[in-house]
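1. Sequence first, predicted coordinates after that:
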Amino acid sequence: MRFLAISGSLRAASTNSAMLRVLRDLAPAGITIEIFDGLGDLPIFSPDREGDSAPAAVIAFKAAVAACDGLIIASPEYVRTLPGGLKNAIDWLVSGDELIAKPAAILHASYRGDDMLETLRAVLATVTTRFATDIFLRLPLMKLTPEEVATIMNAPEGRAKITGFIDSFAQFCRGNDRP
């Protein structure tokens, strides 16, 4: 099983990105987690640039989404909503069929950000019929370095939460909607 993970942050020391890297490293045998790191390479969405006019970065992004068995998104909150880069990436997927029935779940690296989470949930529930509303993991990692994030997530309690999240999402992706 192959998951694609997207961080809504472009910041090099992002806690959400660090969390996704640890998630990838803790994935059990049989599950691969690829982190999409091209969010900043996607041009601003325009319907005029879809189809045959799509830029190479967009074609590669859509192919990565289409090829995965499930999508995991971790994002910070910017001004009480989604970061522009994440919203732009989702906009590139709206008119295609890559995301329509793709299982999707959310991770969050902060004790804050409820407005963004509400918006992201609404967006995902709109663009995919397989948004895993009950599979959610929130870890209080805000303002920690990537090294501190890795230490917390690799500790027994953090590892158990991550493993539970991955296992629940894998079951959901297999069609076992009850983890």
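-> Looks like it came in fine.

2. Give me the distance between the helix or strand where residue 118 lies and the centre of its chain.
-> Element membership for residue 118 (DSSP states H and E) is helix 114-127. Centroid separation for helix 114-127 versus its chain: 12 Å, with CA atoms, centre = their mean, to the nearest Å.

3. Would you mind listing the buried residues in that helix?
-> Within helix 114-127, the residues that qualify as buried are 116-117, 119-120, 123-124, 127, counting by 16 or more other CB atoms under 10 Å. To be clear about C-beta, it is placed using only N, CA and C from the backbone, and glycine gets the same treatment.

4. which stretches of this protein form helices?
-> With DSSP state H as the criterion, the chain has helices at 15-26, 56-67, 84-94, 114-127, 146-154, 156-173.

5. what's the closest of these to residue 108?
-> Residue 108 lies closest to helix 114-127 among the helices of the chain, at 6.3 Å (CB to CB).

6. count of neighbours near the closest residue to residue 60 other than its chain neighbours?
-> Leaving aside its sequence neighbours, residue 60 sits nearest to residue 38 (CB to CB, 6 or more residues apart in numbering; 6.8 Å). By the criterion of other CB atoms under 10 Å, residue 38 has 13 neighbours.

7. Closest to the mean position in the chain, which residue would that be?
-> By CA atoms, centre = their mean, the chain has its centre lying nearest to residue 73, at 1.5 Å.

8. give the contact list for that one.
-> Neighbour list for residue 73: 5-8, 86, 104-107, 120, 124 [criterion: CB atoms under 8 Å, 6 or more residues apart in numbering].

9. Would you mind listing where this structure has pLDDT under the threshold?
-> Flagging of the chain using pLDDT under 70 yields the residue ranges 177-179.

10. Which strand runs longest in it?
-> Using DSSP state E, we find that the single longest strand of the chain is strand 131-138.

11. ok, and for it, which residues are buried?
-> Buried residues in strand 131-138, counting neighbours by 16+ other CB under 10 Å, are found at 131-132, 135, 137-138.

12. got it, and stretch 27-38?
-> So for stretch 27-38, counting by 16+ other CB under 10 Å, buried means 27, 31, 33, 35-36.

13. now these in a markdown table, with distance to residue 164?
-> Below are those laid out as a markdown table (distance: CB to CB, whole Å):
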| residue | distance to residue 164 |
| --- | --- |
| 27 | 13 |
| 31 | 13 |
| 33 | 15 |
| 35 | 20 |
| 36 | 23 |
